[in-house]
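# Sequence unavailable; structure follows:
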């Protein structure tokens, strides 16, 4: 049985906030990390899959270690994307709401820098930042890190290329004696090199098993389709999940835009998210998704980090991810905080050879998702057509005279008769076969 947060050394103000957030039981990475960060002074590497509570694993002890009577920046948390930065900032504010005078700032790229510079003129203890924006603030002399004690590199495996270019400049601003806490879902060679170059030789490594609270509830499934039916199969699946929230991942921005357009045409409650959209649009889409105003997010891997919405019931890999790490981060968007979830990968026949490799590398097991029949797909498309008609707004530019003439054509039909005729016309126009055929019964 796991220890409660109080047994890990967490202080009363933070325990109160956790209780109000209904966070009761520490995850494995939290149990292993929190006591070490509170009691020791060494560098630390934390390995755990996405969705296992890494933010609280470093955030709770950091909040407790801050000296709120000193107005200086004492901790820097570097993140790969603004979305993840905003998520961590909100989490820390929630965790620390009962700590008197604690001050946390978010200084991520993609939005104007002047308000952030203004914010940093006030007492600030913890800064959440993207590497590029932090360097910009350093160069403008807008932030002083000369007494910063903690440097956190979160989702480090996603920041490797950025950190290679910028970490020297950031570390040069820190005092020689500081603690570096590196958290990652995977440990590729580039991260090992980073650890060797920037962390103390006595660094302590902690890891949580693959089967963690955040990932054990995921069903990994795949479905094999022909390219021509891929969209129809996806829409059939989405209709079966009506009212539930999910994320569909595509490889490219162009694919995201194309799929999002098709879903919009078919009246699915969806939005697109990728790096070429302005930060304002990305924020608005994320807010709509988080608040439940849209149910489906179509995204590139950029969005795999920083989306922490507990009620995501499924993830669809519309294109197979390029790396095993990306699969981990995509699928980790569902089954958050102990819930159940589905990660469905859409494949063409020639891609199925990849499945055993993913299973072996990630220690997971895929099952095959049954493809709907041709008749079932056609029935689903007919329902989508009906929904399109239902959700179409009346055209006010059509003349009243023409409307009257059309009404005259249909005036003698009942509602049921009109629907019958519309359906028959749809079937005829689309040359589909959704008519139930009588089943012949044979005597033994």
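Looks like it arrived, so ask away. The model shown is predicted, which means the values in this text are computed figures rather than measured ones.
# what's the distance between the helix ranked longest in the chain and the middle of its chain?
What stands out as the longest helix in the chain, according to DSSP state H, is helix 374-391. Offset of helix 374-391 from its chain centre (CA atoms, centre = their mean, to the nearest Å): 29 Å.
# if you go through the stretch 1-150 of the chain in chain order, where are the strands?
Taking DSSP state E, counting those that start in this stretch as the criterion, the stretch 1-150 of the chain carries its strands at 44-47, 75-78, 104-107, 126-129, 150-153.
# ok, which stretches of the stretch 51-200 of the chain are helices?
Taking DSSP state H, counting those that start in this stretch, the helices of the stretch 51-200 of the chain run over residues 54-65, 82-95, 114-119, 131-139, 160-173, 189-198.
# Adding mean pLDDT, mean neighbour count and distance to residue 284, write those out as JSON lines.
Bear in mind the C-beta positions are built from the backbone N, C-alpha and C, glycine included. Output for the helices of the stretch 51-200 of the chain, formatted as JSON lines (pLDDT from 0 to 100; neighbours: other CB atoms under 10 Å; distance: least, CB to CB, whole Å):
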{"stretch": "helix 54-65", "mean pLDDT": "95", "mean neighbour count": "24", "distance to residue 284": "23"}
{"stretch": "helix 82-95", "mean pLDDT": "91", "mean neighbour count": "21", "distance to residue 284": "12"}
{"stretch": "helix 114-119", "mean pLDDT": "96", "mean neighbour count": "14", "distance to residue 284": "18"}
{"stretch": "helix 131-139", "mean pLDDT": "95", "mean neighbour count": "18", "distance to residue 284": "20"}
{"stretch": "helix 160-173", "mean pLDDT": "86", "mean neighbour count": "15", "distance to residue 284": "25"}
{"stretch": "helix 189-198", "mean pLDDT": "87", "mean neighbour count": "15", "distance to residue 284": "33"}
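# Including distance to residue 371, could these go into JSON lines?
Shown next, in JSON lines, are these (distance: least, CB to CB, whole Å):
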{"stretch": "helix 54-65", "distance to residue 371": "37"}
{"stretch": "helix 82-95", "distance to residue 371": "33"}
{"stretch": "helix 114-119", "distance to residue 371": "50"}
{"stretch": "helix 131-139", "distance to residue 371": "44"}
{"stretch": "helix 160-173", "distance to residue 371": "38"}
{"stretch": "helix 189-198", "distance to residue 371": "38"}
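# how far away is the closest residue to residue 142 other than its chain neighbours from residue 138?
In this structure, residue 142 finds its nearest non-sequential neighbour in residue 117, 4.4 Å apart by CB to CB, 6 or more residues apart in numbering. Noted for residue 117: a distance of 12 Å to residue 138, by CB to CB, to the nearest Å.
# Residue 21 too?
Residue 21 is 34 Å from residue 138, by CB to CB.
# Equivalent analysis for residue 329, please.
Where residue 138 is concerned, residue 329 sits at a distance of 29 Å (CB to CB).
# got it, and residue 173?
In terms of CB to CB, residue 173 sits 6 Å off from residue 138.
# Need the residues touching each of these two.
residue 145 (CB atoms under 8 Å, 6 or more residues apart in numbering).
# Please name every helix or strand in contact with the helix or strand bottoming out on mean pLDDT in the chain.
Least confident helix or strand of the chain, by mean pLDDT, DSSP states H and E, is helix 324-331 with a mean of 82. Packed against helix 324-331 by the contact rule (3 or more CB pairs under 8 Å, 6 or more residues apart in numbering; DSSP states H and E) you find strand 312-317, strand 341-347, helix 355-362.
# relative to strand 312-317, how tilted is that helix?
Angle, helix 324-331 to strand 312-317, by axes from the mean of the first three to the mean of the last three CA atoms, to 10 degrees: 150 degrees.
# Need the contact partners of helix 324-331.
49-50, 157-158, 185-186, 188, 215, 218, 220, 247, 249, 301, 304-305, 315, 317, 321, 341, 343, 358, 361-362.
# what about burial for those residues, which qualify?
49-50, 157-158, 185-186, 215, 218, 220, 247, 249, 301, 304-305, 315, 317, 321, 341, 343, 358, 362 (16 or more other CB atoms under 10 Å).
# what about residue 236, distance to residue 294?
20 Å.
# Could you check which of the two is surrounded by more residues?
residue 236 (21 against 17; other CB atoms under 10 Å).
# Now do that one against residue 320, distance only.
Distance from residue 236 to residue 320, by CB to CB: 20 Å.
# got the domain boundaries for this structure?
Following automatic domain parsing, one gets these domains for the chain: 5-207, 218-374.
# Quote the end-to-end distance of the shortest one.
Yep, that's domain 218-374 we're talking about. 28 Å (CA to CA, to the nearest Å).
# Also stretch 93-106?
11 Å.
# just how off-centre is that stretch within its chain?
That offset, for stretch 93-106, works out to 24 Å (CA atoms, centre = their mean).
# Pull the residues that contact that stretch.
13-14, 16-18, 21, 56, 59-60, 63, 66, 68-69, 71, 85-86, 89, 92, 116, 119-120, 122-129.
# again, 7 Å this time
Residues outside stretch 93-106 that contact it (CB atoms under 7 Å, 6 or more residues apart in numbering): 13-14, 16-17, 21, 56, 59-60, 63, 66, 68, 85-86, 89, 92, 119-120, 123-128.
# re earlier: is it true that the residue nearest to residue 142 touches residue 141?
No - using CB atoms under 7 Å, residue 117 is not in contact with residue 141; the gap is 9.7 Å.
# on that earlier part again, and the domains of the chain, which one is worst for confidence?
Looking at the domains of the chain, the lowest mean pLDDT belongs to domain 218-374 (a mean of 88).
# separation between residue 328 and residue 354?
With CB to CB as the criterion, residue 328 and residue 354 are 15 Å apart.
# Give me the more crowded residue out of those two.
Counted by other CB under 10 Å, residue 328 and residue 354 do not tie: residue 328 has more neighbours, with 23 against 14.
# Distance from the host helix or strand of residue 402 to the middle of the chain?
Per DSSP states H and E: residue 402 is located in helix 400-410. Distance of helix 400-410 from the chain centroid (CA atoms, centre = their mean) equals 50 Å.
# sorry, back to before: from residue 41, how far off is the residue nearest to residue 142?
Counting by CB to CB, the gap from residue 117 to residue 41 is 32 Å.
# Residue 155 is in contact with residue 84, correct?
Yes - contact criterion CB under 7 Å: residue 84 and residue 155 qualify, at 6.4 Å.
# need the contact list for residue 32.
Counted by CB under 7 Å, 6+ apart, residue 32 has contacts 206, 208.
# where's it relative to residue 415, distance?
In terms of CB to CB, residue 32 sits 64 Å off from residue 415.
# Check residue 226 too.
38 Å.
# same check, this time on residue 364
Taking CB to CB, one finds residue 364 at 50 Å from residue 415.
# Looking only at neighbour counts, state which of those two leads.
Ranked by neighbour count (other CB under 10 Å), residue 364 and residue 415 place residue 364 first, with 18 against 7.
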